[in-house]
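predicted structure and sequence below. I'll ask about it afterward.
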Amino acid sequence: MASVFEYAPAPESRSVVDIAPSYGLFIDGEFTEAADGKVFKSISPSTEEVLSEVAQAGAEDVDRAVKAARKAFEKWSALPGSERAKYLFRIARIIQERSRELAVLETLDNGKPIKETRDADLPLVAAHFFYYAGWADKLEHAGFGANPRPLGVAGQVIPWNFPLLMLAWKIAPALATGNTVVLKPAETTPLSALFFADICRQAGLPKGVVNILPGYGDTGAALVAHEDVNKVAFTGSTAVGKEIARTVAGTRKKLTLELGGKGANIVFDDAPIDQAVEGIVTGIFFNQGQVCCAGSRLLVQESIQEELLDSLKRRLSTLRLGDPLDKNTDIGAINSAEQLARITALTEQGEAEGAERWSPACELPSSGYWFAPTLFTNVTQAHTIARDEIFGPVLSVLTFRTPEEAVAKANNSQYGLSAGIWTEKGSRILAVANKLRAGVVWSNTFNKFDPTSPFGGYKESGFGREGGRHGLEAYLAPSSPEGER
Amino acid sequence: MPTTAPAAHALGDVTTSDSTLRRFLHGLPGVDAVGLEARAASLGTRSIKTTAKAYAIDLAISMVDLTTLEGADTPGKVRALGAKAVHPDPTDRTTPATAAVCVYPDMVTTAKAAVAGSGVKVASVATAFPAGRAALDVKLADVRDAVSAGADEVDMVIDRGAFLAGNYMKVYDEIVAVKEACGTSARLKVIFETGELSTYDNIRRASWLGMLAGADFIKTSTGKVAVNATPANTLLMLEAVRDFRAQTGVQVGVKPAGGIRTSKDAIKFLVLVNETAGEDWLDNHWFRFGASSLLNDLLMQRQKLATGRYSGPDYVTVD
């Protein structure tokens, strides 16, 4: 009998997903090669195995896709809302039916644990389509005028951290409101979007309503700059967001940006400690910390710092890092070599600037891109790791003494996407939440998402809201003449 | 009446008066119910397979307190239970024995004889189980009766009425008195009846109160009310024993009781132990299951692992 309770490996089967050796662009309801024949490889970050070869869209392909979307827009936008809803409901149900397959695919392509794709990503993806399907025939009651109209062709660029979920956040409200879509998935995670293209065909969605163009930054730039795109939606880094804002400035295009963050997770001395520790773990180690709203700055009241850090370190020692397809894995692989290099560089800078580094004893697999969960103490507002978004499993711990100081430090950031408050005192939750300059404030929980709840940022975290009734606004023009733009 | 338990020293004088004890218990970190239940549920999704499952099933069998607490108990039934505790699966002698048999005080002598020489302990519920609504003298007499009959372990119920009235010192003093009546020969399990304490904050306070008073084990429930052991309240008690050891150096056991019927459930509890209190508690000296119908399911799962086939209830003994 073993002396310790070792969990045997519990890998999810790969056989539920059939990945083709190559994929084309999805334009006007058909898979097609890129005009210049360019392709790139999508690899699995946990093993560096090549999963598939994917066509890379160039400017000519972008033009073709936008033209297809423009043509489809006439009929799609003229459909009664209840008809559009039928397609969206059908897509939502197909996603549910194929959720195991999509979860395994997403884990292979992205590197995040199957536990997360299965229990968080896919249920939310389906929920977003269901939610916006419900809005499609009720737009006149959404509070944006008596007869709000769609904008036209939406050019959407999404990141690699939640490939399918970000696709759902973008495509579901766009289609529900009668827009058509050209979407560029990230170059490291194009596969689930291409599977989604297949789902659109399975659902009988009219040709050209959804177009998928895998590619790199230049593909995205061409899409954003295309003169016949009416609406640009981007989720990704603040640097790219600024570039897009410059491109779009002075055009009639409507723009929403969901950019970086450096969320403050504030733990007061009367917090439920055990649950706060769980919330801190969820806040920064969910999806290896590759979450724009991650609680990457822990602000802990000085009087409980020692107790909380002891608990946190003990808890981190129980995290299981490894094969993302293992159902017991808590921490998967970093998405790309490039991202791993960035995390490594920023943590080295943290050490060089005098912060104290700690990681649990943790064996990293020999191939793939891995980074152990990491904690920095003795961090001050002046440290780079307290200011720059690391986008990895790295938590910076700062302290405060009074609620005012906590608020001041939390708000002292160029970002404003998310924050968390941990206290048993309800009045304090309300008082502090009102003072925080962040789009989302969670109390006694973290990283909870729901399609009914709007999400978006302040300051350099972007503008516009996704999700909820507010999420419709980004894809609608009011019916009044003033709304004509 | 003694009012100082050995474990209290490291925490200072928290048990010197009603007010210090109250202040201490109410100063414990709060429990966020949503977060606690979410954590328990997420640990419940751990996938336990093959070798880990075989290990977990044997471990769970060795942690069972095989229990009969019915008005209709007879010596014959207790002897049968004892025999089963020693050899849970007569067809496979590699099956570990259970930790204990648990009976009413008047059955302790019979139970002792039934498990003699096997290492299986005899536990007895005393202190006017399950309601605990009797004078302290009566409760202590109940305990002495069980201990003098040879009980290795005493399962006491706390006075929930006094606890809910905020009369913590009364509860504390009773536990201390019972602990003294157990002497050095019997380990004391303190049952809170968590279903009646109603809030998680109360369960955490009761856990600390029990440990301060010298409990060797803290136990969720009697199995006689609607809500018994749950993953969430057991997780909470595991956090309490973990924190108590960190502060005092004293290790206390945990026993969820009632409502755990399947191997799958039992394994979820072992995952809670493993990832909350740690491997020091993965032993029947520190963790028990108060569940009798659980044993047969564990045995059937064990047979399935050994043979590859699922046998069915006629291949394990009825009590």
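The structure has been received and is ready for your questions.

only C-alpha atoms for contact and neighbour calcs from this point on.
OK.

my read: A:Ile158 touches A:Thr188, true?
No. Assessed by C-alpha atoms under 8 Å, A:Ile158 is found out of contact with A:Thr188, at 11.2 Å.

so which of those two has more stuff around it?
Neighbour comparison, A:Ile158 and A:Thr188: the larger count goes to A:Ile158, with 26 against 23 (by other C-alpha atoms under 10 Å in any protein chain shown).

pLDDT score for the residue of chain A found nearest chain B?
Residue of chain A nearest chain B, by C-alpha to the nearest C-alpha: A:Pro272 (4.6 Å). According to the prediction, A:Pro272 has pLDDT 97.

list the buried residues for the helix or strand where B:Ala38 lies?
Per DSSP states H and E, B:Ala38 falls inside helix B:33-43. Of all the residues in helix B:33-43, those buried under the rule 16 or more other C-alpha atoms under 10 Å in any protein chain shown are B:Ala33, B:Gly35, B:Leu36, B:Glu37, B:Arg39, B:Ala40, B:Leu43.

filter those down to the ones close to chain A.
B:Gly35, B:Leu36, B:Arg39 (C-alpha under 8 Å from any C-alpha of the partner chain).

quick one: the last one and A:Leu165, what's the gap?
In this case it means B:Arg39. B:Arg39 sits 24 Å away from A:Leu165, going by C-alpha to C-alpha, to the nearest Å.

same check, this time on the second one
To A:Leu165, B:Leu36 is 27 Å away according to C-alpha to C-alpha.

looking at the ones next to chain A among the buried residues of helix B:33-43, which is nearest A:Thr329?
Among these, B:Arg39 lies closest to A:Thr329 (C-alpha to C-alpha), at 15.4 Å.

any idea how far the helix holding B:Ala38 is from the middle of the chain?
21 Å (C-alpha atoms, centre = their mean, to the nearest Å).

neighbouring contacts of that helix?
Contact with helix B:33-43 is made by A:Gln275, A:Glu278, A:Asn444, A:Thr445, B:Tyr200, B:Pro231, B:Ala232, B:Leu235, B:Leu236, B:Lys268, B:Val271, B:Leu272, as judged by C-alpha atoms under 8 Å, 6 or more residues apart in numbering or on different chains.

run a quick neighbour tally on A:Ser396.
26.

repeat that for the one 3 residues further on.
Applying other C-alpha under 10 Å, we find 22 residues neighbouring A:Thr399.

and the pLDDT at it?
You'll see A:Thr399 listed with a pLDDT of 98.

wasn't it part of a strand?
Yes. Assessed by DSSP: H, G, I helix; E, B strand; the rest coil, A:Thr399 belongs to a strand.

may I ask you to confirm that it is in contact with A:Gln305?
Yes. A:Thr399 lies in contact with A:Gln305 (C-alpha under 8 Å); the separation is 7.4 Å.

how about the residues of the stretch 201-319 of chain B that lie near chain A?
B:Asn274, B:Glu275, B:Glu279, B:Leu282.

any low-confidence regions in the chain?
You didn't say which chain, so I picked chain A. Along chain A, segments meeting pLDDT under 70 span A:1-3, A:479-485.

please refer instead to chain B.
Looking at chain B by pLDDT under 70, you get B:1-10.

returning to that earlier point: next, count neighbours for the residue of chain A closest to chain B.
Neighbours around A:Pro272, by other C-alpha under 10 Å: 22.

grab the nearest non-local neighbour of it.
Spatial nearest neighbour of A:Pro272, chain neighbours left out: B:Gly30 (4.6 Å); criterion: C-alpha to C-alpha, 6 or more residues apart in numbering or on different chains.

tell me how far A:Ile280 lies from A:Ile273.
Counting by C-alpha to C-alpha, the gap from A:Ile280 to A:Ile273 is 10 Å.

nope, A:Leu183 is what I was after
43 Å.

neighbours of B:Asp18, how many?
Neighbour tally, B:Asp18, other C-alpha under 10 Å: 15.

can you verify my assumption that it contacts B:Met169?
Yes. At 5.5 Å, B:Asp18 counts as touching B:Met169 under the criterion of C-alpha under 8 Å.

quick one: B:Asp283 from B:Ala56, how far?
Distance from B:Asp283 to B:Ala56, by C-alpha to C-alpha: 11 Å.

burial measure for A:Pro148, as a count.
So A:Pro148, with other C-alpha under 10 Å, has 21 neighbours.

let me see the contact set for it.
Here A:Pro148 is in contact with A:Leu139, A:Glu140, A:Leu476, A:Ala477, A:Pro478, A:Ser479 (C-alpha under 8 Å, 6+ apart).

the strands in the stretch 51-200 of chain B, which residues?
B:65-67, B:100-103, B:121-125, B:153-157, B:187-191 (DSSP state E, counting those that start in this stretch).

turn those into TSV, including mean neighbour count.
What follows is those, written out as TSV (neighbours: other C-alpha atoms under 10 Å in any protein chain shown):
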stretch	mean neighbour count
strand B:65-67	26
strand B:100-103	29
strand B:121-125	29
strand B:153-157	28
strand B:187-191	26
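
now tabulate those strands in JSON lines and tack on distance to chain A.
Formatted as JSON lines, the strands of the stretch 51-200 of chain B follow (distance: least, C-alpha to the nearest C-alpha, whole Å):
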{"stretch": "strand B:65-67", "distance to chain A": "21"}
{"stretch": "strand B:100-103", "distance to chain A": "20"}
{"stretch": "strand B:121-125", "distance to chain A": "22"}
{"stretch": "strand B:153-157", "distance to chain A": "26"}
{"stretch": "strand B:187-191", "distance to chain A": "23"}
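
so which of the ones you listed is nearest B:Asp314?
strand B:65-67 (19.0 Å).

so what strands line up beside the closest one?
Strand B:65-67 has the following strand partners under DSSP bridges: strand B:100-103 (parallel).

what's in contact with the partner strand?
If you take C-alpha under 8 Å, 6+ apart as the criterion, strand B:100-103 is touched by B:64-69, B:78, B:81-82, B:85, B:111, B:120-125.

correct me, but A:Gly468 touches A:Ser453?
Yes. With contacts counted by C-alpha under 8 Å, A:Gly468 reaches A:Ser453, the gap being 4.8 Å.

show me the contacts for B:Ala181.
When contacts are taken as C-alpha under 8 Å, 6+ apart, B:Ala181 is in contact with B:Leu140, B:Val143, B:Arg144.

OK, contacts around the second one?
Contacts of B:Val143 were listed using C-alpha under 8 Å, 6+ apart, and they are B:Pro105, B:Ala126, B:Thr127, B:Val154, B:Val178, B:Ala181, B:Cys182.
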